[in-house]
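**Q** The following block contains a protein sequence and its predicted model.
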Amino acid sequence: DRDLGLASLERAVARNPNFALAHLFRGVALAALDRDAEALADIDLAIRLSPRDPGLWSFYFWQGRCHRDLGNVDAAVSSLRQAIGERPDVWFPHLDLSTTLAGAGRMDEAKAAITKARDLNPHMTLDAIAYLDSLFMSPRRVEENQRCAAALGVPKSIDKAGADAGALPLPDKPSIAVLP
């Protein structure tokens, strides 16, 4: 329940107003409720509170999503590029950059961004994107993101053979590494 989650985050911020992650997560929760202006204020504050945070890329990612959803395309592109600059190996900021650019009609730039996203996650599908987006976005925004990703050639799904071949490879040796 998103409202219950938001209430928990409200309490966390009230107890510790300097806790950057509480502000970030409250911003994410507000964005999921289509309250993007409020979300952006929390995310901007999280960035100011923790400008050297090891997860700063995710702060910029969510800042970019809020700017996009508020119609601030240039600010969204700037934030998403900052997220990519912090963690170029994470595929979904590239995806959001591509759909933001496609939604603005900047198809050449969008195609370059989706190519990078698909290089990082060659098994990306509209079905998978819709599932992930539904966790953090309103149905209207999920549909909009789907439309832009489809226009960029992201397939609806992968056939069974492709899905079997698409699992992340396991390391040859035991490891404690965390997969991206």
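**A** Yep, it's here.
**Q** how close does the closest residue to Asn121 other than its chain neighbours get to Leu56?
**A** Once its chain neighbours are removed from consideration, Asn121 has its nearest residue in Trp91; the separation is 4.0 Å (CB to CB, 6 or more residues apart in numbering). Where C-beta positions appear, they are placed from N, C-alpha and C, glycine not excepted. Counting by CB to CB, to the nearest Å, the separation of Trp91 from Leu56 is 18 Å.
**Q** ok now do the residue nearest to Pro155 when sequence neighbours are not counted, which residues does it touch?
**A** Closest residue to Pro155 apart from its sequence neighbours, by CB to CB, 6+ apart: Thr125 at 5.5 Å. Counting by CB atoms under 8 Å, 6 or more residues apart in numbering, Thr125 makes contact with Val154, Pro155, Lys156, Ser157, Ile158.
**Q** go again using 6 Å as the cut-off
**A** Contacts here follow CB atoms under 6 Å, 6 or more residues apart in numbering; on that basis Thr125 touches Pro155, Ser157, Ile158.
**Q** Give me the pLDDT value at it.
**A** Thr125 is assigned 95 on the pLDDT scale.
**Q** And for Ile176?
**A** Reported pLDDT at Ile176 in the predicted model: 49.
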